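Visitor: Starting from these lines, generate the structure:
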Amino acid sequence: MSKRGRVETPLPRRLRELREGMAGVSMQDVADAIGIPKGTYANWEMDRADPPLSMLVPLARFFGVTVDDLLDVDEQLVARHISRQIARLKEADRLAVERIVDTLADANVQSKPRGRAASRLKEAEDGKAPSGSTD
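Guide: All right, here's what the predicted structure looks like:
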């Protein structure tokens, strides 16, 4: 814990690195882009306060990174942690978790496109030119 009683995270450092990596982008520019006061953003970058979870996606979009990258998440470390936790389960529970993961993976593979993507796919299957096409 920091001297302020807060858990230190890599987020303030990442915010600063990402902003400074964008030539000429000020704290005010970031704040304006995501619709908050400059002082609020400055507090996040200086580790005086944490942004609400609802602001992580707008921040990530502004900087052109994923939320994981914004938070400096080590995917391999997370995967190892999950594997260790699963290995500690009783066999029946471990098998249940594996079935859930397999079911989710199968559902993801079998998911159908929606919205415009579905319309374009349907039109292509029917042999029609996609709507909005200028051919």
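Visitor: List the residue ranges of this structure that fall below the pLDDT cut-off.
Guide: In the predicted model of the chain, residues 1-8, 108-135 satisfy pLDDT under 70.
Visitor: What's the biggest helix in it, counting residues?
Guide: When the chain is scanned for its longest helix (criterion: DSSP state H), the result is helix 91-110.
Visitor: Contacts for that helix next, please.
Guide: 86, 87, 89 (C-beta atoms under 8 Å, 6 or more residues apart in numbering). Any C-beta I mention is one placed from the backbone N, CA and C, and that applies to glycine too.
Visitor: tell me the contacts of the first one?
Guide: It refers to residue 86. Going by C-beta under 8 Å, 6+ apart, residue 86 touches 94, 97, 98.
Visitor: Which of those lies at the shortest distance from residue 17?
Guide: If you rank these by distance to residue 17 using C-beta to C-beta, residue 97 comes first, at 36.3 Å.
Visitor: Can you tell me, leaving aside adjacent residues, what's nearest to residue 70?
Guide: Residue nearest to residue 70 in three dimensions, not counting chain neighbours: residue 60, with 4.7 Å by C-beta to C-beta, 6 or more residues apart in numbering.
Visitor: Also residue 87?
Guide: Nearest in space to residue 87, with sequence neighbours left out and distances taken as C-beta to C-beta, 6+ apart, is residue 94 at 7.4 Å.
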